[in-house]
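1. Quick one, structure for this:
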Amino acid sequence: MKLLLFSDNHRDRNSVKKLVLKHKDADRIFSLGDSEMKEQELSALNIVGVRGNYPFEPNFPKELTFEYHDVKVYFTHGHYFSVKMGLSRLLNFAVYNHIDIVCFGHTHRALLKEINGVIFINPGALSKRKMFSKNSYAILEITETLIKVDILTLSGERLLKYKKQR
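-> From the prediction side, this is the model:
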């Protein structure tokens, strides 16, 4: 299963369309919030996701959970967990709820790390609204034997990678 993850595109429709066209082989596409696009626009591109903290967000839920090959993946924007202050609240939530992978946005900074057996993925921001943004996104691949994550820029530069045999 190949999941395409992006966050914080802030009305940058061109980057979203470019991303979707570039990864036509993705099984699912998730917006991790702050798209500021209409729900119909995202749905027309087969994108599902979670609400961010901007007032013009689509009517998506505040969180989603997805399970594949006994791997439980949690999607949130991150602001409810104060991720700009650290990952401790999100880690506690993940451990308590037996979540294997947490996908979030909000900080506009790409992050990929494993803490206490929980894999945290922040694809960064798809838009370049902040000077440290690199138009990045993530690809999460889950198979019976492997979990693989790549965080890439729209131009193709690999920022971070993770690979773990199951």
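2. CA atoms for contacts and neighbours, from now on please.
-> OK.
3. Correct me if wrong: residue 121 contacts residue 101.
-> Yes: with contact defined as Cα atoms under 8 Å, residue 121 counts as touching residue 101 (7.5 Å).
4. Need the per-residue pLDDT for the nearest residue to residue 117 once chain neighbours are set aside.
-> Spatially, and ignoring its direct neighbours in sequence, residue 117 is nearest to residue 100 (7.1 Å; Cα to Cα, 6 or more residues apart in numbering). Here the pLDDT value assigned to residue 100 is 98.
5. ok, the helix or strand where residue 72 lies: who's next to it in the sheet?
-> Residue 72 is located in strand 71-76, with elements delineated by DSSP states H and E. Strand 71-76 sits in its sheet next to strand 63-68 (antiparallel), strand 101-103 (parallel), going by DSSP bridges.
6. okay if I get those as a markdown table plus distance to residue 78?
-> Supplementary listing: the strands paired with strand 71-76 in a markdown table, determined by distance: least, Cα to Cα, whole Å:
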| stretch | distance to residue 78 |
| --- | --- |
| strand 63-68 | 9 |
| strand 101-103 | 9 |
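7. So which of those is nearest residue 7?
-> strand 101-103 (9.7 Å; Cα to Cα).
8. and that closest one, how far out from the chain's middle?
-> 8 Å (Cα atoms, centre = their mean, to the nearest Å).
9. Report all helices and strands that the very next helix or strand once past it contacts.
-> Per DSSP H and E, the first helix or strand lying C-terminal to strand 101-103 is strand 110-115. Counting contacts by 3 or more Cα pairs under 8 Å, 6 or more residues apart in numbering; DSSP states H and E, strand 110-115 packs against strand 118-123, strand 158-165.
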